[in-house]
Every structure is written in structure tokens, then in C-alpha cells.
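Enquirer: Got a predicted structure here, sequence first:
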Amino acid sequence: MSKEIKVGVIGCGAIGRQHIARLMNTIPETRVVAVADYYQPSAQAVAEQYGITCCATGEELIARPEVEAVLVTSADPSHAGYVLECIKAGKFVFCEKPLAQTAQECEEIIRAEVAGGRRLVQVGFMRRYDRGYAAMKQAIESGEIGAPLMIHSCHRNMSQAPGFATDYAVTRVAIHEIDISRWLLDDEYATAQVLAVRQSKNTQGDWLNPQIMMLTTRSGQRIDVEVQTDGAYAYDIQCQVVGEDGTVSLPDPSAVVKRAGAACSFPIMTDWSQRFIEAYDIEFDAWAKALLNGAPDGPSAWDGYVACVTGDALILSRQTGKPEAIELMEKPSIY
Ligand SMILES: NC(=O)c1ccc[n+]([C@@H]2O[C@H](COP(=O)([O-])OP(=O)(O)OC[C@H]3O[C@@H](n4cnc5c(N)ncnc54)[C@H](O)[C@@H]3O)[C@@H](O)[C@H]2O)c1
Ligand SMILES: O[C@H]1[C@H](O)[C@@H](O)[C@H](O)[C@@H](O)[C@H]1O
């Protein structure tokens, strides 16, 4: 590995372009050397902007000898295939969430990574790098609020891209709460359930909105997640952990507090890219430093797998109307 990690990026859409700018301008240890996108004009535009290589396919990018690490920011269904290809080539790969579409695909990735004997994969669960969540975890671990008993959380969005569907409320939206809640509680899930709730008139398409998702952990804690996929007043992420001696809550990002017209207010952000901008920077800074030390140490293929198994159970529960058990394979020792 060179001192400046040469990264290839597959997927030059919204987050791909933001991460490319981040890897080029904000993270000193990384440089993007090649891009690919199955919509060629998109990759060409980015390649021209930075004067870098435009590859015809993701596979070609992975195979290029100068590419030392790969960032996958293409559409969800393509993630697993590219991650497997990177493992086959022995290259580090950072995959935006979700790791795969199904738990079976995640198992295949885990088997391939374990066969190589070392971690290559990191999954883009960036909330673990958000200063607010990190401070909550520290407070929980300090023992100050006693044993955590439950989490109340909500994930409210203003809009979704065309083609959205009910299941995406789990696989694209609540997947962040699935990951962050087990990280905060340091426990695995036992059951998952979706509860029906009165539907919002602001829903912009033919899908269920809102949904309430319930999870229990092996030690009996309960997590409730209110998911508004669209039509909400802002992009608002909230989380409160209730312990036996106190609570900790996710702070809002810092903003000027205005007192005027007999009211006190502060603005709330409207989309994820601004709300978590610092978390993404910290996430990639940590990724680069870990690679230079030999291996990624952030969210792993195991974490991507647990998120998929949990998501599958939530989706099944919406059909069966009852809590579904979450059963995991044995955790390999490299995780
Ligand atoms: N961590 C986060 O907060 C976060 C936020 C946004 C998006 N994401 C994830 O990032 C990924 C991209 O999201 P986006 O909002 O940028 O979507 P997008 O639609 O704006 O961009 C996706 C890009 O990938 C390309 N693409 C699709 N399939 C491909 C394939 N098989 N091979 C190569 N290129 C392909 C598309 O042409 C497009 O340019 C998604 O998986 C999404 O879940 C994560
Ligand atoms: O609800 C959004 C999440 O908060 C973001 O972090 C992205 O993952 C995006 O794709 C989702 O639509």
C-alpha cells in the first residue's frame, strides 16, 4: 500500500460524487485514480473533471493494477457482486450500505473474506462516526445511565427518489437505525416486527408511510423506530437511550438559535448529505488511516450481514403481522 491510497470508485451518482470530492480534497491519505458507472456519461464527466481514468465497467476498474482500494457507491443491487469481485482480487473495498440485497449474498461475502483470512470489507454505516452518536456510546459505556433498557428513535425524510417502495423503508432507511442501535447497545437482536400505523396524507407515492419498527435484543431491550420515508417537515433523526438510572439523547447538529417574534427556534436540515457531512469525513479519514495500518476496522461484512438478516425479518413481519425471530450464523473470528 502506497502512502497515498489510490482509490477506484464505482458509481458516480449523488453520494459517489460527494465521496469522490471528499477523497480528493478532504482526506489527505487518499486519491481517486479511476471511476466507473454503468451510465457512461456520468463516469466520463467525473473523470474529465478530475483528469482521471474512466473505466468501461466496474470489473475493469477493480482489475486495474494501480487501484489499491475500491469504493462502491453504485445502486443497491450491484453492491454484493462488486464486493465479491474485490475480495477475489484481494483488494480493500468500502461499500456503501446495504452490503447486499439478501442475507444469503452477505453470507457468501463473509465466506469469501474469511477464506482469505483477513478483513478487506468496510460497510458505510457512517452514523457510528457522528460525534453525537459517539458521545452517546461513551456515556452508555461509562455506566452513568445504568443498564440500557430501551431506545426510542425516529428517522424522518422529506422525500425519496422515484421508484421508491415500501420495503425500502427498511433496506434503505431504517437500516441505519438497525445498525446504530445494536452498536449503541452492544447486543444482537432477537426479534423484529413492523407495526401498522395511520398513514400520512403527505406520502408522495404508492407505499406505506409511516411505519413503526420494533426490535428486541437478546438481553430483552426494546427498540422502537418511527420511519417516515417522505413528506416530513425536515430530515430529522432522533434517538434516545433510556437506562435504569437516566437517559442519553442524540443532540441536534449545532445551529444558531433565534429568538424573535415571541419564539425561540433553530433550523433543522433537510437532507442526509448535510446532516451527516462531518460523519462522512470522519468515517473516510478513519478508513484511510486503518488501511495504512493494514486493515479496515470500521463496520464489517458481519455488520452488513446482521443488518440484512434483520431487514429480512422486518419485511417478513409486515407480511405475517407478528414478531419474527432473528437467527444469525456463527460469527467468524475475524470479526
Ligand atoms: N450512507 C448513507 O447515508 C447513504 C446516503 C445515500 C446513498 N447511500 C447509498 O449509496 C448508493 C448510491 O446512492 P445514490 O443516492 O448516490 O444513488 P444515485 O442513483 O444518485 O447513484 C447511483 C449511481 O450508480 C450507477 N449505477 C447503478 N448501477 C450500477 C452498476 N451496476 N454498475 C455501475 N454503476 C451503477 C448509476 O448510474 C448512478 O450514477 C446506494 O446504495 C445508497 O443506498 C448511502
Ligand atoms: O433515509 C435516507 C437516509 O437517512 C440516508 O442516510 C440515505 O441512506 C438515504 O438513501 C435514505 O433515503
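Expert: All right, it came through fine. Source: prediction; values computed, not measured. Numbering: from 1, shown residues only. Ligands and ions are numbered 1, 2, ... in the order given.
Enquirer: The stretch 151-300 of the chain: strands as residue ranges?
Expert: Ranges of strands within the stretch 151-300 of the chain are 189-195, 211-217, 222-228, 236-243, 247-249, 258-260, 263-265, based on DSSP state E, counting those that start in this stretch.
Enquirer: buried ones in the longest one?
Expert: Using 16 or more other CB atoms under 10 Å as the test for burial, strand 236-243 gives 236-237, 239, 241-243. Placement of C-beta: from N, CA and C, glycine included.
Enquirer: quick one: which of those residues is nearest ligand 1?
Expert: Looking at the buried residues of strand 236-243 and their distance to ligand 1, the nearest is Ile237, at 10.7 Å (CB to the nearest ligand atom).
Enquirer: So which bits of the stretch 151-300 of the chain are right by ligand 2?
Expert: If contacts are counted using CB under 6 Å from any ligand atom, the residues of the stretch 151-300 of the chain sitting beside ligand 2 are 157, 160, 172-173, 176, 272.
Enquirer: Say whether ligand 1 is contacted by the lengthiest helix in the chain.
Expert: Ranked by number of residues, the top helix in the chain under DSSP state H is helix 301-320. No - applying CB under 6 Å from any ligand atom, one finds helix 301-320 separated from ligand 1 by no less than 11.7 Å.
Enquirer: Okay, buried residues for that helix please.
Expert: Across helix 301-320, burial judged by 16+ other CB under 10 Å covers 301-315, 317-318.
Enquirer: following it, which helix or strand comes up?
Expert: Past helix 301-320, further along toward the C-terminus, the next helix or strand under DSSP states H and E is strand 324-325.
Enquirer: Residues in contact with that following strand: which ones?
Expert: With contact meaning CB atoms under 8 Å, 6 or more residues apart in numbering, strand 324-325 is reached by 190-193, 313-314, 316-317.
Enquirer: same thing but 6 Å
Expert: Contacts made with strand 324-325 from outside it, assessed by CB atoms under 6 Å, 6 or more residues apart in numbering, are listed as 191-192, 313, 316-317.
Enquirer: Close to ligand 1: what parts of the stretch 201-335 of the chain are there?
Expert: Applying CB under 6 Å from any ligand atom, we find that the stretch 201-335 of the chain lies next to ligand 1 at Trp272.
Enquirer: Can you name the residue of the stretch 201-335 of the chain that approaches ligand 2 most closely?
Expert: Scanning the stretch 201-335 of the chain for the residue nearest ligand 2 gives Trp272, at 3.7 Å (criterion: CB to the nearest ligand atom).
Enquirer: List the contacts of the residue in the stretch 1-150 of the chain positioned nearest to ligand 2.
Expert: Closest residue of the stretch 1-150 of the chain to ligand 2, CB to the nearest ligand atom: Lys97 (6.5 Å). Under the criterion of CB under 6 Å, 6+ apart, the contact list for Lys97 reads 123-125, 175.
Enquirer: Looking at the residues you listed, state which has the most neighbours.
Expert: Greatest neighbour count in those, by other CB atoms under 10 Å, goes to Val123: 30 neighbours.
Enquirer: close enough to count as contact, that one and Tyr305?
Expert: No - under the criterion of CB atoms under 6 Å, Val123 is not in contact with Tyr305, lying 9.3 Å apart.
Enquirer: Not counting its neighbours along the chain, what's nearest Trp272?
Expert: For Trp272, ignoring the flanking residues on the chain, the nearest one in space by CB to CB, 6 or more residues apart in numbering is Tyr235 at 6.1 Å.
Enquirer: circling back to that earlier point, now do the residue of the stretch 201-335 of the chain closest to ligand 2, the pLDDT please.
Expert: Trp272 is assigned a predicted lDDT (pLDDT) of 94.
Enquirer: what's the neighbour count on it?
Expert: Each residue near Trp272 was counted by other CB under 10 Å, and the total is 19.
Enquirer: so Asp167 sits right up against Ile315, yeah?
Expert: Yes - using CB under 6 Å as the test, Asp167 is close enough to Ile315 to be in contact (5.4 Å).
Enquirer: measure the residue of the stretch 1-150 of the chain closest to ligand 2 to Ala69 for me?
Expert: With distances defined as CB to CB, to the nearest Å, the gap from Lys97 to Ala69 amounts to 18 Å.
Enquirer: Equivalent analysis for Ala63, please.
Expert: If you go by CB to CB, the gap between Ala63 and Ala69 works out to 14 Å.
Enquirer: Of the two, give the one with the bigger neighbour count.
Expert: Ala69 (23 against 15).
Enquirer: residue nearest the centroid of this protein?
Expert: Here the mean C-alpha position of the chain is nearest to the C-alpha of Phe125 (CA atoms, centre = their mean), at a distance of 3.1 Å.
Enquirer: Model confidence for it, exactly?
Expert: As predicted, Phe125 sits at a pLDDT of 98.
Enquirer: From what I see, it and Pro299 are in contact.
Expert: Yes - the pair Phe125 and Pro299 qualifies as a contact (CB under 6 Å) at a distance of 4.2 Å.
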